[in-house]
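>>> Any chance you can model this:
(one chain, ligands or ions: 1)
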Amino acid sequence: MTKRVRKAIFPVGGLGTRFLPATKAMPKEMLPVVDKPLVQYAVEEARAAGIEQFIFVTGRGKQAIEDHFDHSYELHQVLSQREKYDLLALIADIRLPAGSVTYTRQPEALGLGHAVWCARDLVGNEPFAVLLADDLILSDQPCLKQMCEAHASVGGSMVAVMDVLPEHTQRYGIVAPGPIGGDPKLVPVLGLVEKPKPEAAPSTLAVIGRYIIDGAVFAELDRRETGAGGEIQLTDALARLIGRQPFHGYRFAGERFDCGDKVGFLEAQLAFALQRPDLADHVKAFLPRYAAST
Ligand code: UTP
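Residues are numbered from 1 along each chain as shown. Coordinates of the predicted model:
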């Protein structure tokens, strides 16, 4: 029987250079979309998928993330005195249950594969999820929940996938897909290539930042081999699991925003604001003014 996915890794050790100067002293994962930090969206998605253990792989200058999920005595006291019960409930919701959170450090940002490898002893030999907070997904059903449900029936490893423009394959890990079986959302993966040029890409089906990974990946990451960009790539270690266990791409229902990129981040602000009853009408009112001014 397939083991249930109980643990999730949040790699938050990256430098976020594309968002300088904002990320000079503030973690990229704390950038807000509307009024909520990216990392909180990722944690909420994991909770909705039934994750019980939250493992953050942090680095230098990432203290704000730990503080965000912790109890804030001063804020609690002030809000209580002012009888701001709605805000008290809002901050109480952010806290994770005692004993469910672990922080480990990635001493150097050597790549996503290295970040995941840093959590190896905290995960052990069981399937685990990885969520990249800068990939933000707007969907009716949380993306990781969709994946966990599919994983329960097929097991092995699974990556969230979506179609991208041929000229964008160099930004992603790209899947070599096999023939689709019963469920059109499940794409058998025959191969994975990190950031291929369009002419070398096996398809236009790209891996985005949601993974369910078999514990066997740690033996592959142990090799500490570098790949594209001189980084230890998760994609390369995952590619070595193919053929040894079930390996699927999952075409999730929802829209993904690349919040590690300025354009994607701005688009996410609008898309999420338009979902909010308190903001949607204001956004709709001002947007045409800016669109017309160009
Ligand atoms: P990115 O590829 O977006 O890199 O990482 P980055 O360093 O955060 O940002 P730029 O490219 O310099 O602007 C994707 C995710 O993987 C994590 C990041 O924190 C981000 O959530 N990551 C990346 C690590 O945890 N460690 C690394 O060594 C690299």
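>>> Give me the contacts around stretch 285-294.
Leu270 (C-beta atoms under 8 Å, 6 or more residues apart in numbering). From N, CA and C alone the C-beta is placed, and that goes for glycine too.
>>> How much space separates the nearest residue to Glu231 once chain neighbours are set aside from the ligand?
Excluding its sequence neighbours, the residue lying closest to Glu231 (C-beta to C-beta, 6 or more residues apart in numbering) is Gly111, at 2.9 Å. Gly111 is 5 Å from the ligand, where distance means C-beta to the nearest ligand atom, to the nearest Å.
>>> and what of Ala8?
13 Å.
>>> ditto for Pro288
32 Å.
>>> got it, and Lys185?
Note on Lys185: its distance to the ligand, by C-beta to the nearest ligand atom, is 24 Å.
>>> related to what we said a few turns ago, contact partners for the residue nearest to Glu231?
226-227, 229, 231-234.
>>> again with Ser203
174-177.
>>> Flag every residue of the chain that's near the ligand.
11-18, 28, 57, 106, 109-112, 114-115, 132-134, 260 (C-beta under 6 Å from any ligand atom).
>>> Now go through the residues you listed and say which are in helices.
Those of these mapping onto helices are 112, 114-115, per DSSP state H.
>>> hmm, back to that, kindly give a single ChimeraX line that selects the buried subset of the residues of the chain next to the ligand.
To isolate the buried ones among the residues of the chain next to the ligand in ChimeraX, judged by 16 or more other C-beta atoms under 10 Å, type:
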select :11,12,13,14,16,28,57,106,109,110,111,112,114,115,132,133,134,260
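>>> Secondary structure class of the residue nearest to Val187 when sequence neighbours are not counted, three-state.
Of all residues not flanking Val187 in the chain, Gly249 sits nearest, at 3.9 Å (C-beta to C-beta, 6+ apart). Assigned with DSSP: H, G, I helix; E, B strand; the rest coil, Gly249 falls in the strand class.
>>> Hmm, Gly249 is touching Ile208, no?
No - counting by C-beta atoms under 8 Å, Gly249 stays clear of Ile208, with 10.1 Å between them.
>>> which residues are in contact with both of these two?
160-161.
>>> So which residues of this structure form helices?
Counting by DSSP H, the helices of the chain are 38-48, 63-68, 73-81, 85-94, 112-117, 120-123, 143-154, 217-221, 234-239, 262-274, 280-292.
>>> for the ones you listed, which one sits closest to Leu165?
Leu165 sits nearest to helix 262-274 of all those, at 13.5 Å, using C-beta to C-beta.
>>> Pass me the low-pLDDT residue ranges in this protein, would you?
294 (pLDDT under 70).
>>> Tell me the residue of it that sits nearest the ligand?
Using C-beta to the nearest ligand atom, the single residue of the chain nearest to the ligand is Gly14, 2.2 Å away.
>>> Can you give me the neighbour number for the spatially closest residue to Asp222 that is not a sequence neighbour?
Leaving aside its sequence neighbours, Asp222 sits nearest to Trp117 (C-beta to C-beta, 6+ apart; 7.3 Å). Around Trp117 there are 22 other residues, counting by other C-beta atoms under 10 Å.
>>> Please apply the same query to the one 10 residues further on.
Using other C-beta under 10 Å, Pro127 has 23 other residues around it.
>>> likewise Asp163?
11.
>>> Glu83 now?
The burial count for Glu83: 8, using other C-beta under 10 Å.
>>> what's near enough to touch the residue nearest to Asp222?
Per C-beta under 8 Å, 6+ apart, neighbours of Trp117: 218, 221-222, 224, 232.
>>> Thanks a lot, catch you later.
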